[in-house]
Every structure is written in structure tokens, then in C-alpha cells.
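Give me coordinates for this.
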Amino acid sequence: KKSIDPALAFGINEMVVCATAYQPWTDKIPGNTVGGHISGSFNRNHTTWNYSRQFWDYQARNSYVLRQGKPHSDLCIYLGENPPVKIYTYRLPDIPAGTDFDAFSTNALLTRMDVKNGNIVLPDGVSYRMMALPRNGELTLEALKKIASLVYKGASVYGPKATYSRSQRDAGNEKEYTALANKLWGAHPATSGFGKYGSGVVYWGMSLAEAMQKAGIIKDVSMKTGNTKESGINFIHRKMADGDLYFLYNNKGKAEDNVFTFASTGKNAQLWDPLTGKRFSLIPGLSDKHTTMIPLYMNPNEAYFVLITDKKETLPPVHW
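Okay, here's the model as predicted:
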């Protein structure tokens, strides 16, 4: 088996051919290109075009399935002001293995976020267990007020104490800013700790992994041997109406034979093969009220879907 394009392992669910040059002739091969050396020729005159049907079917299956249900991530990361400048170089905390995340802007914070049952929720039903703040402690007063309201309603937030705002609109409001930050983190917080405000909790100083553990957030995907980050296993989790769907991608040239634990419960499990469109039954291992263990084998650079559900179907067993 061959792998899906690695880009899909990071949540992309639509493949687009950016620039296919117009081809007015049928006798000139490969025909027009996009700037010659600037872009490759990808059109009906390409030498591999007549053999590419399976590739497009493969991309179509993955794109379709990755649009089902709702995306699920335990963590949402507030980028602060001026996103998305250099997000990956200094704005992200050390994301624990087996944890997925979404990043968001100030506009999303102020207009789309609320709290329900201790989770941070969006109008479309997507929810998160914890919010991570910019690690430089920079928040505007407006953002700080909204974060405080979310914590008061029950949200879990991770990040250093808010210390300043670069916004000119906040000039003269230093006392209000400091008073609100003190309510969340305390006037003289310890180097590492956590504190309650209303129904929620703020964590600081410790690693994000430790904060998530203290908040009772288990890894979405874990492995009996090693972990997803070290083993090169990327994943996407989609919440379906009748189960949890995981897209797994083995991002290395070495097979992975392991027992995976998913933060999902269900009596039955299935493997969906995007290469062929076929589905197979899996045998779930030990389970508890929060997780399901499933032995899986992944060929080098292989990708497939795992569905955990209570729905029972008669499917052929998978053969590794």
C-alpha cells in the first residue's frame, strides 16, 4: 500500500490543482506549461495522466471522509495579536504527543467562543478541553476580559500571567488590567501552579502536558510502545453522529506494529482503506469508560481510517 499525501495528515480535506495550463492542441506533448521551469506540467498531455485515475480516486475518498462529522481537538491555541506571523517558530507551546490542536485569532476569541459543560465551544458544535495562551504574556485588555469570562464559566486555560498590552486603546487602563490578571493568576503567583476563578482553572509555569494531565485530559491517541510524535504517526479525529473516526498516517519508511489507545469508546471497530474503498472489521482490545485499545499494523508511509462505533456491521476481518 502507498500513503496518502502527507499534507492530508494535517487536516486538509480538499485537493486543488493550482494551475493547469490551457491545452488547445492534441498533438503537442506535453503542451503548454505554467512558466516552464517555474511550474510542472500537470494536465491531460502529461505522460502519467492516463494512469492517474486511482490517484484521484484516492484523494477524493480521503477528502470526502475528512469532511464527515465535526473536527475534534482537545486543545485550542490563542495566537494573540498579528497572526499568523511566524506561528511555528515561536507562538506554539510544546504540544504533547497524541494531542491535536487548532489555532485561532482574536476575532474568533471575541465573537465565537463560549463555555458549555466545562468545554470551550463554537457555534457549529466544535469544542475544546483547554485553551493555551501566548507564552510572552501579551494580551489586550479586551482579550483578557473575554478569557476571564470563559474561565469564570468553567474553561481550563494554560499560559503565563498576562503582563501587558501593546494596544494604545488600553493606555490608562493599567489598574483594571492588573486587577483582572490578579484575579486569574494571583497578585504574586508561584513559578508554577494553578488557581481557580469562578468554575474554571488557570494553569501556568508547568509544561502543557502536565497541565492537561492535571485537568484530566487524556491523550487522544497513544501507543503501547513509544508515542505518536517520536514514531512519526500523524492523526486527525472526526466526531461522527454514530462514532469516532480517526485518520492515521505512518509518516516514516518503517512499519509500525503497535497497540493504539484511542480516547473513544465503542463496541466495534472498523478499518477503512482509502486505496480501495473497502472496509474491514477490527478487534478492539481492552476498553474502559474513556478509551479503546486496538492492535494495528501500518506499512511504511501507509494511511487509513479507524472507526470506533457501537454500530454493528458484518465485515470481513483485516489481514495484516
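
Pretty sure G193 sits against V201.
No. With contact defined as C-beta atoms under 8 Å, G193 does not reach V201; the gap is 10.5 Å. To be clear about C-beta, it is placed using only N, CA and C from the backbone, and glycine gets the same treatment.

for the stretch 1-150 of the chain, what spans make up the strands?
Chain-ordered strands for the stretch 1-150 of the chain, with DSSP state E, counting those that start in this stretch as the definition, fall at 70-71, 75-78, 101-104, 114-116, 119-121, 127-128, 130-132.

on that earlier part again, okay, G193 and V201: which has more neighbours?
Here G193 and V201 are compared on neighbour count by other C-beta atoms under 10 Å; more neighbours surround V201, at 21 against 13.

tell me the contacts of the more buried one?
151, 156-157, 194-195, 215 (C-beta atoms under 8 Å, 6 or more residues apart in numbering).

Quick one: low-confidence residue ranges for this protein.
In the predicted model of the chain, residues 1-12, 18-21, 33-42, 83-90 satisfy pLDDT under 70.

which residue ranges form the helices in it?
Counting by DSSP state H, the chain has these helices, from start to end: 53-65, 106-112, 141-153, 174-185, 208-214, 228-231.

and those as JSON lines, adding mean neighbour count and distance to E81?
Shown next, in JSON lines, are these (neighbours: other C-beta atoms under 10 Å; distance: least, C-beta to C-beta, whole Å):
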{"stretch": "helix 53-65", "mean neighbour count": "15", "distance to E81": "33"}
{"stretch": "helix 106-112", "mean neighbour count": "14", "distance to E81": "6"}
{"stretch": "helix 141-153", "mean neighbour count": "19", "distance to E81": "8"}
{"stretch": "helix 174-185", "mean neighbour count": "16", "distance to E81": "15"}
{"stretch": "helix 208-214", "mean neighbour count": "19", "distance to E81": "21"}
{"stretch": "helix 228-231", "mean neighbour count": "16", "distance to E81": "29"}
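
Now render the ones you listed as TSV, adding distance to N250.
Converted to TSV, the helices of the chain look like this (distance: least, C-beta to C-beta, whole Å):
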stretch	distance to N250
helix 53-65	15
helix 106-112	32
helix 141-153	37
helix 174-185	41
helix 208-214	23
helix 228-231	8
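
Figure out which of those helices is closest to L271.
helix 53-65 (12.5 Å; C-beta to C-beta).

So which residues make contact with that closest one?
When contacts are defined by C-beta under 8 Å, 6+ apart, helix 53-65 is touched by residues 4-5, 8, 13-15, 238, 245, 247, 272, 274-275, 277, 303, 305.

Pull the distance from that helix to the chain's centre.
Taking C-alpha atoms, centre = their mean, to the nearest Å, one finds the center of helix 53-65 at 21 Å from the center of the full chain.

tell me the contacts of E230?
A97.

just the strands in the stretch 201-320 of the chain please.
221-223, 233-240, 243-250, 256-262, 268-272, 279-282, 292-298, 303-309.

Tell me which of these lies nearest to D124.
Of all these, strand 233-240 sits nearest to D124, with 11.6 Å by C-beta to C-beta.

Let's see that closest one as PDB, backbone CA atoms only.
Taking Å, rounded to 0.1, in the frame of the first residue of the first chain, the C-alpha atoms of strand 233-240 are listed here in PDB:
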ATOM      1  CA  ILE A 233       2.300   8.800  13.500                       C
ATOM      2  CA  ASN A 234       0.100  11.700  12.500                       C
ATOM      3  CA  PHE A 235      -3.700  11.600  13.100                       C
ATOM      4  CA  ILE A 236      -6.900  13.500  12.600                       C
ATOM      5  CA  HIS A 237     -10.000  12.900  14.700                       C
ATOM      6  CA  ARG A 238     -13.500  13.400  13.400                       C
ATOM      7  CA  LYS A 239     -16.600  13.200  15.700                       C
ATOM      8  CA  MET A 240     -19.400  11.400  13.800                       C
END
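
so what secondary structure elements neighbour that strand?
If contacts are counted by 3 or more C-beta pairs under 8 Å, 6 or more residues apart in numbering; DSSP states H and E, strand 233-240 sits against strand 70-71, strand 221-223, strand 243-250.

Can you dump the C-alpha atoms of stretch 263-276 in CSV for me?
Listed next in CSV are the C-alpha coordinates belonging to stretch 263-276 (Å, rounded to 0.1, in the frame of the first residue of the first chain):
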residue,chain,number,x,y,z
ALA,A,263,-9.9,8.4,23.6
SER,A,264,-13.1,6.9,22.4
THR,A,265,-15.5,4.1,23.4
GLY,A,266,-17.4,1.7,21.2
LYS,A,267,-18.2,-2.0,21.0
ASN,A,268,-17.0,-2.3,17.4
ALA,A,269,-14.1,-1.0,15.3
GLN,A,270,-13.5,-0.8,11.5
LEU,A,271,-10.6,-0.1,9.2
TRP,A,272,-11.4,1.9,6.1
ASP,A,273,-8.9,1.5,3.2
PRO,A,274,-8.8,4.7,1.1
LEU,A,275,-6.9,3.0,-1.6
THR,A,276,-9.7,0.6,-2.5
